[in-house]
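Novice: Need a 3D model of the following:
(2 chains)
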Amino acid sequence: MPKYQHQELKIYNSLSGEKETFQPVTPGMVGMYVCGPTVYNKVHLGNCRTFISFDLVFRYLKHLDYKVRYVRNITDAGHLENDAEEGEDRIAKKARLESLEPMEIVQKYTVDFHTILHTFNNFPPSIEPTATGHIVEQIEIVKSIIDQGLAYVSNGSVYFDVLKYNETEKYGILSGRKVEELIANTRDLTGQTEKKNPQDFALWKKAEPQHIMRWPSPWGIGFPGWHLECTAMSTKYLGDEFDIHGGGMDLKFPHHECEIAQGKAATGKDPVNYWMHANMLTLNGKKMAKSTGNNILPEEIFTGNNPNLSKAYSPAVARFFMLQAHYRSVLDFSDEALQAAEKGFHRLMEAFQTIDSLPTSNSSSFDVEELEQKCFDAMNDDFNSPILIAHLFDATKLINSVKAEKASLTQSDAKKLKQFMSEFIFDVLGIHENLSFSNTDNSDETKLSGLVEMLIELRTKARENKDFDTSDQIRDQLLDMGIELKDTKGKTEFKIK
RNA sequence: GGUCUCGUGGCCGAGUGGCUAGGCAGUGGUCUGCAAAACCAUGUACAGCGGUUCGAAUCCGCUCGAGACCUCCA
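Specialist: Numbering: from 1, shown residues only, chains lettered A, B, ... in the order given. Now for the predicted structure:
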């Protein structure tokens, strides 16, 4: 029996502002769309947080035995740097700066994106469509919106008529904006004479002669508006109405608002049942952004090569750090916080590895099944990974207590504990770290392990002979090399730091 | 300027109308040849000021502070 029949998952829906019990359109199946990156630059850590957040969602839905189709796009069509009618698109600009073909830029940063997300142990999405691969679909949507009388052609471009749409529908339902307020607060942007109203947004833009990325359309040579691709690709692969649409908080307005309007205009249906927004990762209290340069690149974390960092951190530690905060909260990045996460993470991993060697008893002093359900409860409550991690630390404490012979577990409970911890740590949180190599078959590691064991033996003999100079020398020099010895009851263990 | 969100102990970060979040750091103890690790114990935390309530850090109002969006951004 699939797990989702036993667990009640609640998801915070940005549309309603409340946690709602999750009910997919088709029982047992989930369609999820997440806005992917514009590939004109390296992904920074803030970008990664969003994708790690939705990887967590993807993983947990799968863990509940849902069949999930996860679609995440690549924005590779050139969109303008702002909402003005003229200007250079970001990919073309980057191509000029790097002296590359626009599609080389796209390829280069798509590869970077994939590599980094893989390093963070994200699952790839089920489908990863590109904007340029769906120009035809986008044109079809523009046509149908025009047919509905909700878009107009102006000088070779097509704009969505927000005021007209707002006569029968509500533009602004997601972001809580009112059209009247938007009108009152419109910024003065030059060159918007093509639009009937400043709130209108482009579905299709006429390409200026210097614009490199261009396609033919019923309205002339041009390129699609930014918001359109997500509507085209989400509905193509997930249907006119699907379950979950995610993205960064900064996309809520106008991007997602426009998607809702476009979708409704084109199909007459509200495209998405659950809107989810991941919050920002901040650096020095401010949002990380490509445009301001206030960001850290993942590779800088892995190498420690950044003025904000005192050392390097593994991808698993960085991921664990992010998952210790809830996806809807702003998380501030700092070296200190990463260090704390790293220590806690290692404690958790070491305890997990200890389970097999735990002494077993006839009875357990702890309810393992209750703890497991608490882990489900945490994730069922809008994917609350920090609470889940807190429970995993409770398990850590239990394991260490059993090891210290201050608590007890039956053999079957120890097995259960290992099973569900493994599921939550590796399958759900997606944390993956090279485990202690003492129990692997890799030959070099086996040799090193044997070497350390030999030194431990020598040290144990020295200690028996009260030759503490020798024993301390072995311990201290190993520690200098990054090998820590740990004396436990009757046995010395080691760990590579 | 408009809309919205947030403000938790030394740091990070959950949560909630009354019952220990958790991690890191600190302190005391156990263990140890000494340490480390581990275990046990330990913090009068919820920006400020009012209000609602038997009871609020949690609800309401105001003040102060921070951030996001309103232009491309995850």
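Novice: Could you pull out the buried residues of the helix or strand bottoming out on mean pLDDT in chain A?
Specialist: Least confident helix or strand, chain A: helix A:179-184 with a mean of 82, by mean pLDDT, DSSP states H and E. Across helix A:179-184, burial judged by 16 or more other Cβ atoms under 10 Å covers A:179, A:182. C-beta coordinates here come from the backbone N, C-alpha and C atoms, glycine included.
Novice: contacting residues for the residue positioned nearest the centre of chain A?
Specialist: For chain A, the residue nearest the mean C-alpha position is residue A:52 (1.8 Å; Cα atoms, centre = their mean). Going by Cβ atoms under 8 Å, 6 or more residues apart in numbering, residue A:52 touches A:120, A:122, A:319, A:322, A:323, A:430.
Novice: do you know how far the closest residue to the second one other than its chain neighbours is from residue A:7?
Specialist: Okay, so that is residue A:122. In space, not counting the residues next to it along the chain, residue A:122 is nearest to residue A:55; the distance is 4.2 Å by Cβ to Cβ, 6 or more residues apart in numbering. From residue A:55 across to residue A:7, the span is 19 Å (Cβ to Cβ, to the nearest Å).
Novice: Report the separation between whichever residue of the stretch 101-250 of chain A sits closest to RNA strand B and residue A:22.
Specialist: Nearest to RNA strand B, among the residues of the stretch 101-250 of chain A, is residue A:248, at 1.6 Å (Cβ to the nearest atom of the strand). For residue A:248, the distance to residue A:22 (Cβ to Cβ) stands at 21 Å.
Novice: which residues of the stretch 1-150 of chain A fall in strands?
Specialist: All strands of the stretch 1-150 of chain A, identified by DSSP state E, counting those that start in this stretch, fall at A:10-13, A:18-21, A:29-34, A:67-72.
Novice: returning to what we had before: tell me which of residue A:55 and residue A:7 has more neighbours.
Specialist: Using other Cβ atoms under 10 Å, the more surrounded residue of residue A:55 and residue A:7 is residue A:55, with 25 against 17.
Novice: Distance-wise, check the more buried one relative to residue A:294.
Specialist: Distance from residue A:55 to residue A:294, counting by Cβ to Cβ: 24 Å.
Novice: which residue sits closest to residue A:237, ignoring its sequence neighbours?
Specialist: Nearest residue to residue A:237, sequence neighbours excluded (Cβ to Cβ, 6+ apart): residue A:71, at 4.9 Å.
Novice: That neighbour contacts residue A:127, doesn't it?
Specialist: Yes - the pair residue A:71 / residue A:127 is scored as a contact, 4.7 Å apart, by Cβ atoms under 8 Å.
Novice: what about the lengthiest helix in chain A, distance to the chain center?
Specialist: For chain A, the helix that runs over the most residues, judged by DSSP state H, is helix A:443-464. Helix A:443-464 sits 41 Å away from the centroid of its parent chain (Cα atoms, centre = their mean, to the nearest Å).
Novice: just stretch A:200-212 next, same as before
Specialist: 31 Å.
Novice: buried residues in that stretch?
Specialist: Residues of stretch A:200-212 classed as buried: A:200, A:201, A:202, A:203, A:204, A:205, A:206, A:207, A:211, A:212 (neighbour count, 16+ other Cβ under 10 Å).
Novice: Please narrow those residues to those residing in strands.
Specialist: Members of the buried residues of stretch A:200-212 lying in strands (criterion: DSSP state E): A:201, A:202, A:203, A:204, A:205, A:206.
Novice: Could you work out the most separated pair of those?
Specialist: Greatest spacing in these, by Cβ to Cβ: A:201 and A:206 (14.8 Å).
Novice: Next, the contact list for residue A:272, please.
Specialist: A:15, A:33, A:234, A:241, A:242, A:243, A:244, A:245, A:259, A:260, A:263.
Novice: One more: residue A:266?
Specialist: Going by Cβ under 8 Å, 6+ apart, residue A:266 touches A:141, A:144, A:145, A:148, A:231, A:235.
Novice: Just flag the most distant two among those residues.
Specialist: A:148 and A:235 (15.1 Å).
Novice: Of those two, which one has the most company?
Specialist: The neighbour comparison of residue A:148 against residue A:235 (other Cβ under 10 Å) goes to residue A:235, with 22 against 16.
Novice: Just confirm yes or no for the helix or strand containing that one near RNA strand B.
Specialist: When elements are assigned from DSSP states H and E, residue A:235 belongs to helix A:226-238. Yes - for helix A:226-238 and RNA strand B, the contact criterion (Cβ under 7 Å from any atom of the strand) is met by residue A:226.
Novice: what residues does the helix or strand just after that helix touch?
Specialist: Per DSSP H and E, the first helix or strand lying C-terminal to helix A:226-238 is strand A:242-248. Outside strand A:242-248, the residues within contact range by Cβ under 8 Å, 6+ apart are A:11, A:22, A:24-25, A:30-35, A:47, A:50, A:53-54, A:57, A:234-235, A:255-256, A:259, A:271-278, A:280.
Novice: now with 7 Å?
Specialist: Applying Cβ atoms under 7 Å, 6 or more residues apart in numbering, the contact partners of strand A:242-248 are A:24-25, A:30-35, A:50, A:54, A:57, A:234, A:256, A:271-278.
Novice: Just to be sure, which of those are found in helices?
Specialist: A:50, A:54, A:57, A:234.
Novice: which ones are touching the last one?
Specialist: Put plainly, it is residue A:234. Taking Cβ under 7 Å, 6+ apart, one finds A:33, A:71, A:242, A:245, A:271 in contact with residue A:234.
Novice: For the third one, name its beta-bridge partners.
Specialist: Put plainly, it is residue A:242. Judged by DSSP bridges, the bridge partners of residue A:242 are residue A:272.
Novice: related to what we said a few turns ago, for the longest helix of chain A, buried residues please.
Specialist: A:445, A:449, A:452, A:455, A:456, A:459, A:462, A:463.
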